[in-house]
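Asker: Below are the sequence and a predicted model; questions follow.
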Amino acid sequence: MQKIFHYLTLIALTLFVITGCSVKKPEAPQEQVKLEKPKKQDNVKKLEYYKADSMLVDSTPPTLEEMLEEEPSAVGEFQPSLSPEEAAAQITEEALKAKEGKRALPLIAHWNTGAQSDVAGMSPDYMLSLIDQGHHILVSWELDPYWAPYIPLEYYEASIKRAAELGLPLVFVSNAYASALSQDSYFVNKRSKYNPNLINSDADIIEILSPMGSTSYWKDAGQRWIKTELMKQLQEWYPNPPLVVFLSRNEAERLNWNELERSARYVSRYKTKHDDEAKRKFIGDAWFDRYRALQKGVKASLSKEWADNTIFVGRNTFPNTSMGKTD
């Protein structure tokens with residue numbers, strides 16, 4: 001019996017060797033890996049830039065001074081190619097093309113004229129410094145001689161004289177020349193029949209410009225704008241500008257075509273009720289006459305050299321309110 005068991009054991013071992021079977025070893029316990037949250041990346045990536053001499057990558061962000069020293073073109077540094085006189089001549093040439101109805105190259109202009117000393121802005125002195133660098137700028141000044149005595153004379157003097165030396169055009173930005181008609185008691189208290197403001201059915205004078213007022217007061221308002229010591233001084237400093245642009249923001253409140261029935265004078269004069277198209281035509285023609293009278297008053301009070309070279313631009317005078325704002 002023992003011999004039989006011995007033989008069986010020997011046979012089993014022989015089969016084990018022949019077949020190559022192996023006993024599977026027990027697996028070692030796996031190590032537990034601690035998961036960490038990904039680190040939050042910086043919002044601003046480090047700037048990698050190449051140095052021209054070695055082409056080595058530097059992960060340290062350069063300072064502005066280093067960028068200017070090594071790669072001035074990378075920050076768009078302007079290299080002037082024109083003298084101030086050459087730039088001014090080109091500015092004047094293009095600006096006069098526009099006056100003559102010809103196509104002109106674009107000139108940079110800005111609404112912010114830096115008139116308030118406590119607010120940073122595009123002051124005339126700053127604009128002139130850009131021309132000194134060869135840029136093409138229409139220099140503009142805030143002009144409110146009738147309403148804004150807070151602007152000191154120093155704001156104008158040096159820049160106007162420098163513009164005269166260069167022969168540059170002048171651009172004067174104002175809120176609204178017609179605003180005097182509804183803000184100055186001299187006009188507001190005029191007799192109802194000729195008053196430039198709205199007169200309602202109760203005979204109340206409402207300080208809103210009306211197309212029913214007398215054009216003579218509009219001309220008078222234009223003259224009062226120019227007959228000031230400031231305007232006299234500006235014309236003395238620069239007696240012969242090639243172009244003077246009076247740019248109005250046109251922010252004076254005025255009666256609209258669909259409000260004409262608020263005017264007692266309109267209702268009394270036009271017994272037959274107008275349709276919408278007739279109202280639009282009426283008020284368009286009426287405003288045309290009154291603003292032309294205002295402009296005539298301005299020109300009548302200027303020197304001949306200024307009057308001959310003066311044009312007017314008005315924002316918010318068309319259905320597209322951007323006209324005069326960016327064009």
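Answerer: Done, it's in. Numbers count the residues shown, from 1 in each chain.
Asker: Any regions of the chain where pLDDT drops low?
Answerer: Across the chain, the ranges flagged by pLDDT under 70 are 1-80, 104-106, 108-111, 116-120, 147-149, 271-272, 316-327.
Asker: quick one: the strands in the stretch 51-200 of the chain?
Answerer: For the stretch 51-200 of the chain, the strands defined by DSSP state E, counting those that start in this stretch cover 57-58, 140-142, 170-174, 197-199.
Asker: any chance of those in CSV, plus mean neighbour count?
Answerer: The C-beta positions use only the backbone N, C-alpha and C, and glycine is treated the same way. CSV is the format used below for those (neighbours: other CB atoms under 10 Å):
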stretch, mean neighbour count
strand 57-58, 11
strand 140-142, 22
strand 170-174, 22
strand 197-199, 24
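Asker: Switch those strands over to CSV; also include distance to Gly222.
Answerer: Shown next, in CSV, are the strands of the stretch 51-200 of the chain (distance: least, CB to CB, whole Å):
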stretch, distance to Gly222
strand 57-58, 65
strand 140-142, 18
strand 170-174, 12
strand 197-199, 17
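Asker: To Gly213, which of those lies closest?
Answerer: strand 197-199 (6.7 Å; CB to CB).
Asker: Partner strands of that closest one, with direction?
Answerer: Each strand paired with strand 197-199, and its direction, by DSSP bridges: strand 205-209 (antiparallel).
Asker: buried residues in the strand it pairs with?
Answerer: Residues 205-206, 208-209 are the ones in strand 205-209 that count as buried (16 or more other CB atoms under 10 Å).
Asker: With stretch 217-235 instead?
Answerer: 217-226, 230-231, 234-235.
Asker: between those residues, which is nearest Met127?
Answerer: Leu234 (16.5 Å).
Asker: Now do the contacts for the closest residue to Leu166 other than its chain neighbours.
Answerer: Spatial nearest neighbour of Leu166, excluding adjacent residues (CB to CB, 6 or more residues apart in numbering): Ala88 at 3.8 Å. Shown in contact with Ala88 (CB atoms under 8 Å, 6 or more residues apart in numbering): 131, 166-168.
Asker: biggest separation within those residues, which pair?
Answerer: Ile131 and Gly167 (11.5 Å).
Asker: Those two - which one has more neighbours?
Answerer: Ile131 (23 against 15; other CB atoms under 10 Å).
Asker: List the contacts of the more buried one.
Answerer: Counted by CB under 8 Å, 6+ apart, Ile131 has contacts 84, 87-88, 91, 137, 139, 166, 168.
Asker: and of the residues you listed, the nearest to Arg265?
Answerer: Nearest to Arg265 among the contacts of Ile131, with distances taken as CB to CB, is Val139, at 43.1 Å.
Asker: how close does the closest one get to Leu170?
Answerer: Distance of Val139 to Leu170, computed by CB to CB, to the nearest Å: 7 Å.
Asker: Name the residues contacting each of those two.
Answerer: Common neighbours of Val139 and Leu170 (CB under 8 Å, 6+ apart) are Ala163.
Asker: and Arg262, how many neighbours does it have?
Answerer: 17.
Asker: so Ile311, which of the three states?
Answerer: Classification of Ile311 using DSSP: H, G, I helix; E, B strand; the rest coil returns strand.
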